[in-house]
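Visitor: pasting the structure only:
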């Protein structure tokens, strides 16, 4: 017997089932949430590959300083040579490499002489520099913050006078210090639609930001104690996150996430020698101080969704943000770790040995 479906019967069944289900649906209440002023540059989460051992994705001669930034399944790598005490002309290069490996693509980024490079949508953000030869070697001067489209080569200057910058999902931030008596600092934000806004605070050179707040150490020349404040990107008075008074110790913000502000102890024991100390975490309302990394002489930092990555003389480690025992990722022999970055899938770090730079990646 050849059975053929009856279209009218199927339609009636679908309607009946649909009415039965709809009768049982209870409308959901809208969640009570605050929408950030501008949330842009949001990319889908990367696809994570299986964890494994580290692999090299770039080897570069004359690699002394590195900028690393993960952009999906690729890494933006800035490499520069330290020639401060030599007579050689400094060299800098920019690459884009896949975390899966393969030959890295060399990018043309004119006037790049080192410093951070960050992806923002389909563009790169950096500060062009000028290398000047002095009696003691070479010095570098940085100024404007620019957006450069790698496809067209078009460049837009967004911050003509900036001492530093940061990139978050909410936009590009840059700091324009005021040398007046009040020592205020203007922090500007530029989103992907071209809109700009500014926030004035008594901030030093050390600051971090996410898509809701700017967190900074108040006062540019703190030597003993101080205040860590947070200012909303939508305006209003800044609030105190941490107020401290510790002899020969100051705190500098290193990172921020949805629940915590991460600060590092900087020791200044009556001399110019600065020693990087422990990493502490405070709830965003300033309560519940906890130790995340209990070590001295910590080097580079990176913050993933669930872990903090840090280096010391023994190598590269990661530790849960809520605290715990550090897990070793890489062991240092003769190489020096220069930079590290991480996301939900990968950790990337750069080392140098005898002026040969190597970039590694390891999947979680």
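Guide: Alright, I've got the coordinates. Keep in mind the model is a prediction, meaning the values are calculated, not measured.
Visitor: can you tell me how far residue 338 sits from residue 199?
Guide: 32 Å (C-beta to C-beta, to the nearest Å). Backbone N, C-alpha and C define where each C-beta goes, glycine included.
Visitor: pLDDT below threshold where in this protein?
Guide: 1-47, 50-51, 82-90, 131, 133-140, 177-184, 201-205, 219-226, 246-248, 268-274 (pLDDT under 70).
Visitor: Swap in 50 and give it another go.
Guide: 1-42, 85, 220-223 (pLDDT under 50).
Visitor: what does stretch 250-259 contact?
Guide: Contacts of stretch 250-259 from elsewhere in the structure, counted by C-beta atoms under 8 Å, 6 or more residues apart in numbering, are 206-210, 213, 215-217, 222-226, 228, 242, 244, 261-266, 268, 279-280, 283-284, 301, 303, 308, 321.
Visitor: Recalculate using a threshold of 6 Å.
Guide: With contact meaning C-beta atoms under 6 Å, 6 or more residues apart in numbering, stretch 250-259 is reached by 206, 208, 210, 215, 217, 222, 226, 262-264, 266, 301, 303.
Visitor: Point out the ones among these that are inside helices.
Guide: Taking DSSP state H, every one of the contacts of stretch 250-259 sits outside helices.
Visitor: Which one (most neighbours) among those?
Guide: Scoring the contacts of stretch 250-259 on neighbours with other C-beta atoms under 10 Å, the highest-scoring entry is residue 263 at 28 neighbours.
Visitor: hang on, isn't that residue packed against residue 280?
Guide: Yes: if you go by C-beta atoms under 6 Å, residue 263 and residue 280 touch, sitting 5.4 Å apart.
Visitor: where do the strands sit along the stretch 201-350 of the chain?
Guide: In the stretch 201-350 of the chain, the segments counted as strands under DSSP state E, counting those that start in this stretch are 203-209, 213-218, 226-232, 239-244, 249-256, 260-267, 275-283, 290-293, 301-303, 307-312, 315-320, 327-331, 336-342, 346-353.
Visitor: ok and the third one relative to strand 260-267, angle-wise?
Guide: It refers to strand 226-232. Relative orientation of strand 226-232 versus strand 260-267 (axes from the mean of the first three to the mean of the last three C-alpha atoms, to 10 degrees): 150 degrees.
Visitor: Just checking: what are the partner strands of strand 226-232?
Guide: Strand pairing for strand 226-232, using DSSP bridges, gives strand 213-218 (antiparallel), strand 239-244 (antiparallel).
Visitor: Can you tell me which of the ones you listed is packed in deepest?
Guide: Highest mean neighbour count of these: strand 213-218, a mean of 24 (counted as mean count of other C-beta atoms under 10 Å).
Visitor: Tell me how far that strand lies from the chain's centre.
Guide: Relative to its parent chain, strand 213-218 has a centroid offset of 15 Å by C-alpha atoms, centre = their mean, to the nearest Å.
Visitor: got the angle for it vs strand 249-256?
Guide: 170 degrees.
Visitor: which one of the contacts of stretch 250-259 is nearest residue 170?
Guide: residue 210 (7.3 Å; C-beta to C-beta).
Visitor: separation between that closest one and residue 257?
Guide: Taking C-beta to C-beta as the measure, residue 210 falls 7 Å from residue 257.
Visitor: what residues do those two have in common as contacts?
Guide: With C-beta under 6 Å, 6+ apart, residue 210 and residue 257 have no common neighbours.
Visitor: From what I see, residue 173 and residue 191 are in contact.
Guide: No: assessed by C-beta under 6 Å, residue 173 is found out of contact with residue 191, at 10.5 Å.
Visitor: Which one's more surrounded, those two?
Guide: Taking residue 173 and residue 191 together and counting by other C-beta under 10 Å, residue 173 has the greater number of neighbours (24 against 18).
Visitor: Identify the spatial nearest neighbour of the more buried one, chain neighbours not counted.
Guide: With C-beta to C-beta, 6 or more residues apart in numbering as the criterion, residue 173 has its nearest non-adjacent residue at 4.8 Å, and that residue is residue 166.
Visitor: and the next element down the chain from the helix or strand that contains that neighbour?
Guide: Secondary structure from DSSP states H and E places residue 166 in strand 164-168. Proceeding N to C from strand 164-168, the next assigned helix or strand is strand 171-177, under DSSP H and E.
Visitor: contact partners of that next one?
Guide: 120, 125, 145, 159, 161-166, 185-191, 209.
Visitor: Each with direction, which strands does that strand pair with?
Guide: The strands beside strand 171-177 in its sheet (DSSP bridges) come out as strand 164-168 (antiparallel), strand 185-190 (antiparallel).
Visitor: Partner strands of the one helix or strand residue 199 maps to and their direction?
Guide: Secondary structure assignment for residue 199, by DSSP H and E: strand 196-201. Strand 196-201 pairs in its sheet with strand 185-190 (antiparallel), by DSSP bridges.
Visitor: Make sure residue 79 is actually in contact with residue 62.
Guide: No: with contact defined as C-beta under 6 Å, residue 79 does not reach residue 62; the gap is 7.9 Å.
Visitor: out of these two, which sits in the busier spot?
Guide: Applying other C-beta under 10 Å to residue 79 and residue 62 shows that residue 79 carries more neighbours, namely 26 against 18.
Visitor: Contacts only, for the more buried one.
Guide: 60, 63, 66, 93, 357.
Visitor: Repeat the analysis, applying 8 Å as the threshold.
Guide: Residue 79 is in contact with 60, 62-63, 65-66, 92-95, 357, counting by C-beta under 8 Å, 6+ apart.
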